[in-house]
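Q: The sequence and its predicted three-dimensional model are supplied below.
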Number of protein chains: 2
Amino acid sequence: MKSTVAGRMDGFSPFYVMELLQRAKQLESQGRDIIHMEVGEPDFSTPDRVINAGIQHIASGEVKYTAAAGMMALREKIADYYFKTYAVRLPPERIFITPGASGAFLLALGVSLNADDELIMADPCYPCNSNFVRFFGGKTQFVNVNASTNYQLTADLIRKNWTQHSRGALVASPSNPTGTIIHGKELNSVIKQVKELGGHFYSDEIYHGLVYDKPAKSALEYSDDVFVINSFSKYFAMTGWRIGWLVVPEAFIDPAERLAQNIFISTATHSQYAALAAFDDENLVELESRKQQFARRRDFLYQNLVRLGFDIAVKPEGAFYIYANCSRFTDDSFQFAKDLLEQQGVAVTPGKDFGDNDANCHIRFAYTASIAKMSIAMERLEQFICQ
Amino acid sequence: MKSTVAGRMDGFSPFYVMELLQRAKQLESQGRDIIHMEVGEPDFSTPDRVINAGIQHIASGEVKYTAAAGMMALREKIADYYFKTYAVRLPPERIFITPGASGAFLLALGVSLNADDELIMADPCYPCNSNFVRFFGGKTQFVNVNASTNYQLTADLIRKNWTQHSRGALVASPSNPTGTIIHGKELNSVIKQVKELGGHFYSDEIYHGLVYDKPAKSALEYSDDVFVINSFSKYFAMTGWRIGWLVVPEAFIDPAERLAQNIFISTATHSQYAALAAFDDENLVELESRKQQFARRRDFLYQNLVRLGFDIAVKPEGAFYIYANCSRFTDDSFQFAKDLLEQQGVAVTPGKDFGDNDANCHIRFAYTASIAKMSIAMERLEQFICQ
């Protein structure tokens, strides 16, 4: 049978971690105890207030379509949140409620990226981000980054890598997989540089609530002419609700409205009602206390990985990942991950899921497991590397 | 400021009915009573069993990501449903749970349509269907249809209109806006024709539960090599839950899996749990009784529109729309709709939202309102056209 699969699918490589996940499930079904440090999802449940708000709406039976851009009440809550958190005044009309950050990426690139356009991104980065570019027939121009720039793009890197096909740049801060952030001054100059070159700037801020040392800066603090992708999944612990948001520049309100009407109709209504409660003060207090737990987990994991001989050039400041150099133990981190799972029942994500930049020497550890569980994982890891 | 909006957005025309909707809201806020016959959403609430299943899941707090293709239990339920309803045995692996039919279209065309490919569709048709083609850089080749073919494509029409750029054809049955269906024999020959030409066949079956005379045939009864788009929104009355499904040919399971992982992560988890209950026998009994109400509404509206002088060349067999020719009263149905709203407070959708084919002589009436409400609407309509 001749292949009739669309050309854009050629470069959609499967996530390598999926192979590990399947094997992990197999082992679990055989009774093995697996500690999951590969999962990009908070282990915390959605907070009660949010759950109750969702239930209350569903119980009304009126789970109908909302406006394509989302309920105005929720867009206003998010605008308030930007003011309280970043001192940024944002017209709610610029905020679009989307089916997760995934929907925000579809909308942002859908209205602004043409086929054959190139977007500059850091390598390593989260693989879906560049696959969205591919989805629209564009190309990602990966720029290798390292500890010297906090694993983030700089104005200089963008200027040097800009070509006639470049259409913009994307910064993810805190970064997945490195957990590193771009600091205010650098973010400002990156945005200025992209604007000077006539490009679009996309800021992936989905891990923004989860920063442990000093607050992360939003791109919106420096410019109105940026796309900002955010989500209720991570900080707000609402993964399965599939709700996120996109902030667009003024000039993109109308196209984003038209595109959302066509490709989403709207975002799940009960998820929107639930998200309304996410900004309640009491909920934010609970989320802050969880954040403290994540911070303690980060410190625990960081200290242990360093003790065991992993090289972590920059202590991560956010998200729930540590991207550890394992070259002391292997130059094939995928095989390392497979063996670690097989022999010790610890699941982690191999570097090659995040790009080509020294990927075979890196492993991503997610601290979406309790310190108690991670303690056992560290013992197992120690046995594994000392055998 | 130079326009930097992506080229694909050029052809995304706004829905004309949006202008009417805004005006309707304005009038309502001034205290006017508006009867909504423009809404493509069942007025029924989501059934209690489904609501309760959704609540039960949310209350557990574990609203986490599912597998990208959806929960296997739900895919199996849908496979069972195909067997019970159409006597088709479907491997659940071919069924992908999506964020509404919108997500099903994104997935289907994403894995199978290249930029510059053309898809053949009937005119009139639902505007989003062709906008998905545009989204991927493709083109829709509209073929005018009329009562002589039940407002559906035929094998002959497809053969005559096929070009070197044609990549496939899409049939929506029951059709939005006409409510007409393609009968089994014709569906079979259309699929055969498209396959003979080497194209993809897409079957939009989102109104399938809602047919009032004889059961609609699924494309899957005739071929395994088809894409079938369906949804929990219409028959199952779950619009705001944003959940639908896509059936893909065997050869597309792997690409669809990779694409879903990247562009959705997964579909809202509580919506999937709720949908599990949608197939319970008691729920199906309730849905059948609602279907009888829709059938009575169709008959009521049909008789009244004919009595008032609208020309309805084919009595619709499904969905909840009547596409009525209003050329006895106007050759500008958009203006007609605006005046009807302004003077009599009845909102309908102008033909031009569904294409160019004699659109200015057509109005779409949705019977998503009770007979009591529609009775008043018919009185107002009579006053309007007799003035």
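A: Perfect, thanks for sending it. Numbers count the residues shown, from 1 in each chain, chains lettered A, B, ... in the order given.

Q: in terms of contact, does A:A324 touch A:A313 like I think?
A: No: contact status for A:A324 versus A:A313: not in contact, 9.6 Å apart, counting by C-beta atoms under 8 Å. Just so you know, the C-beta spots here come from the backbone N, C-alpha and C atoms, and that holds for glycine as well.

Q: List the residues that contact A:R23.
A: The contact partners of A:R23, taken as C-beta atoms under 8 Å, 6 or more residues apart in numbering or on different chains, are A:338, A:341-342.

Q: Tell me, how many residues neighbour A:Y207?
A: When neighbours are counted by other C-beta atoms under 10 Å in any protein chain shown, A:Y207 registers 25.

Q: meant to ask about A:R32
A: Neighbour count for A:R32, taken as other C-beta under 10 Å: 12.

Q: which SS state does it fall under?
A: Under DSSP: H, G, I helix; E, B strand; the rest coil, the three-state class of A:R32 is coil.

Q: that older thread, just the buried residues of the contacts of A:R23.
A: Using 16 or more other C-beta atoms under 10 Å in any protein chain shown as the burial test, the contacts of A:R23 include A:338, A:341 as buried.

Q: Could you tell me which of the contacts of A:R23 are located in helices?
A: Of those, the ones assigned to helices by DSSP state H are A:338, A:341-342.

Q: Can you tell me which of those residues lies closest to A:P42?
A: Closest to A:P42 out of these is A:L341 (21.9 Å), distances taken as C-beta to C-beta.

Q: For the stretch 201-350 of chain A, what lies in contact range of chain B?
A: Contact residues, the stretch 201-350 of chain A versus chain B (C-beta under 8 Å from any C-beta of the partner chain): A:238-242, A:251-252, A:255, A:258-259, A:261-271.

Q: circling back to that earlier point, same list, the contacts of A:R23, but as CSV with pLDDT please.
A: Output for those, formatted as CSV (pLDDT from 0 to 100):
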residue, pLDDT
A:K338, 97
A:L341, 98
A:E342, 97
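
Q: Show me which of the contacts of A:R23 is closest to A:R307.
A: A:L341 (21.7 Å).

Q: What are the neighbouring residues in contact with that closest one?
A: A:L341 makes contact with A:20, A:23-24, A:27, A:34, A:347-348, according to C-beta under 8 Å, 6+ apart.

Q: just checking, A:D353 touches A:M18?
A: No: contact criterion C-beta under 8 Å: A:D353 and A:M18 do not qualify, at 9.2 Å.

Q: Spit out the contact partners of the closest residue to chain B within the stretch 251-387 of chain A.
A: Of all residues in the stretch 251-387 of chain A, A:T269 sits closest to chain B, at 3.4 Å by C-beta to the nearest C-beta. Shown in contact with A:T269 (C-beta under 8 Å, 6+ apart): A:57, A:63-66, A:71, B:240-242.

Q: The longest helix anywhere in chain A packs against which elements?
A: The longest helix of chain A (DSSP H) is helix A:281-308. On a contact count with 3 or more C-beta pairs under 8 Å, 6 or more residues apart in numbering or on different chains; DSSP states H and E, helix A:281-308 meets helix A:48-59, strand A:321-325, helix A:371-386.

Q: What count of nearby residues applies to the closest residue to A:Y235 other than its chain neighbours?
A: Closest residue to A:Y235 apart from its sequence neighbours, by C-beta to C-beta, 6 or more residues apart in numbering or on different chains: A:G209 at 2.5 Å. Neighbour count of A:G209, defined by other C-beta under 10 Å: 24.

Q: and the gap between A:G209 and chain B?
A: Here the criterion is C-beta to the nearest C-beta, to the nearest Å. By it, A:G209 lies 18 Å from chain B.

Q: Helix or strand: which one has that residue?
A: Counting by DSSP states H and E, no helix or strand carries A:G209.

Q: Strands of chain A, residue ranges please.
A: Secondary structure of chain A (DSSP state E): strands at A:35-36, A:95-98, A:118-123, A:139-144, A:166-172, A:200-204, A:227-231, A:244-247, A:321-325, A:346-347, A:349-350, A:362-366.

Q: Show me the domain layout of chain A.
A: Residue ranges for the domains of chain A, per automatic domain parsing: A:7-45+A:283-386, A:62-280.
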